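J.: Pasting the sequence and the predicted model now:
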Amino acid sequence: MQSRRIGDTQVSAIGLGGMPMSIEGRPEDEQQSVDTIHAALEAGVTLFDTADAYSLDNTDIGHNESLIARAVASWGGDTSDVLIATKGGHTRTEGGGWGLDGSPEYLKQACEASLKRLGVDAIGLYQFHRPDPRVDYAESVGAIRDLLDAGNIRYAGISNANPDQIRLANEILGGRLVSVQNEFSPRFRSSEPELDLCDSLGIAFLPWSPLGGIAKAGDLGSIFAPFAEVAKDKGISPQQVCLAWLLAKSPVVIPIPGSSRPATIRDSAAAVHVDLTTDEFVRLDATH
């Protein structure tokens with residue numbers, strides 16, 4: 001598979017987002033999720049994105065981290081080049097609600113718990129999940145810097161950030177910010193300034209929900225007609241066309257489509273082989 005860079009590490013140009021395997025609506029049979037992760041590895045995927053908050057509620061925090069760690073460890077092939085990226089700062093509440101805790105104390109405790117669930121001495125990529133309006137952003141990122149300096153994490157990233165926060169985080173981290181993970185898809189284009197900034201700084205940009213979200217990926221074949229038209233011409237899925245469009249936008253883009261079925265991650269991984277003409281890219285890029 002084609003590769004792209006996070007820090008000094010080469011990873012697959014398409015990653016796997018683990019969220020659908022662990023939140024509400026997740027597969028009843030966990031083996032299906034394990035098979036999905038194994039299918040990703042077989043397709044050459046080496047970047048797996050997770051978070052401690054990818055769970056049903058506060059009773060099974062870390063479900064997705066543990067699932068990915070077990071599945072990667074049980075695969076029969078070489079996993080030495082696998083990079084598992086996780087996040088801290090989001091919380092789950094009773095009944096499946098979402099909360100925030102960006103306090104340095106919480107982030108350091110969350111990182112320690114993630115280290116244990118992943119079974120590693122240092123987390124490959126640790127990302128501040130989402131700004132907490134109750135905590136100064138610089139303090140939250142300062143905790144990530146401390147984890148980086150202490151060797152608890154190899155690389156530092158942020159998620160759901162605006163351009164000012166990206167610049168501030170990179171400054172606090174001493175130029176060591178390696179990734180920004182924001183929502184970006186044909187349906188959600190408001191992170192274009194963040195993508196452009198990452199491109200100019202050479203920071204990896206990881207679009208989450210790149211196909212429009214769990215319930216919206218099918219819209220690529222209807223609401224966003226040009227994606228379906230190009231897909232029909234090439235004999236592939238609109239989802240593959242979407243991921244190819246994202247890859248063509250910038251060499252720093254690494255989409256992380258979520259999946260809970262082997263067939264869908266295989267389809268997504270094949271997007272690296274799709275070549276768009278200039279006219280096709282322009283037509284897709286103009287679609288909103």
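T.: Alright, I've got the coordinates.

J.: if I look at the most far-flung residue of the chain relative to its centre, how far off is residue 226?
T.: Distance to the chain centre peaks in the chain at residue 233, reaching 29.2 Å (criterion: C-alpha atoms, centre = their mean). According to C-beta to C-beta, to the nearest Å, residue 233 and residue 226 sit 11 Å apart. Every residue, glycine included, has its C-beta placed from N, CA and C.

J.: Could you do residue 69 as well?
T.: Residue 69 is 39 Å from residue 226, by C-beta to C-beta.

J.: ok, the two, which is more surrounded?
T.: residue 69 (22 against 18; other C-beta atoms under 10 Å).

J.: Can you pull out the low-pLDDT segments for the stretch 101-250 of the chain?
T.: 215-217 (pLDDT under 70).

J.: which residues of it fall in helices?
T.: If DSSP state H, counting those that start in this stretch is used as the criterion, the helices of the stretch 101-250 of the chain fall at 104-118, 137-150, 163-172, 192-201, 225-234, 238-249.

J.: Out of those, indicate the one that is most buried.
T.: Most buried of the helices of the stretch 101-250 of the chain by mean neighbour count (mean count of other C-beta atoms under 10 Å) is helix 238-249; its value is a mean of 24.

J.: what's in contact with the very next helix or strand once past that helix?
T.: Downstream of helix 238-249, the next assigned helix or strand under DSSP states H and E is helix 262-269. With C-beta atoms under 8 Å, 6 or more residues apart in numbering as the test, helix 262-269 has contacts from 1, 12, 14, 16, 32, 35-36, 38-40, 43-45, 237, 239-240, 243, 255, 257, 259.

J.: which ones among those are found in strands?
T.: Counting by DSSP state E, the contacts of helix 262-269 place 12, 16 in strands.

J.: export the helices of the stretch 101-250 of the chain to CSV and tack on distance to residue 267?
T.: Converted to CSV, those look like this (distance: least, C-beta to C-beta, whole Å):
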stretch, distance to residue 267
helix 104-118, 27
helix 137-150, 34
helix 163-172, 31
helix 192-201, 24
helix 225-234, 11
helix 238-249, 6
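
J.: ok, residue 283 - contacts?
T.: 226, 230.

J.: One more pass at 7 Å, please.
T.: residue 226 (C-beta atoms under 7 Å, 6 or more residues apart in numbering).

J.: distance of it from residue 253?
T.: Distance from residue 283 to residue 253, by C-beta to C-beta: 18 Å.

J.: ok, now residue 277?
T.: Residue 277 is 19 Å from residue 253, by C-beta to C-beta.

J.: more crowded one of the two?
T.: A count of neighbours by other C-beta under 10 Å puts residue 253 above the other of residue 277 and residue 253, at 22 against 9.

J.: what are the bridge partners for the more buried one, then?
T.: Beta-bridge pairing of residue 253 under DSSP bridges involves residue 205.
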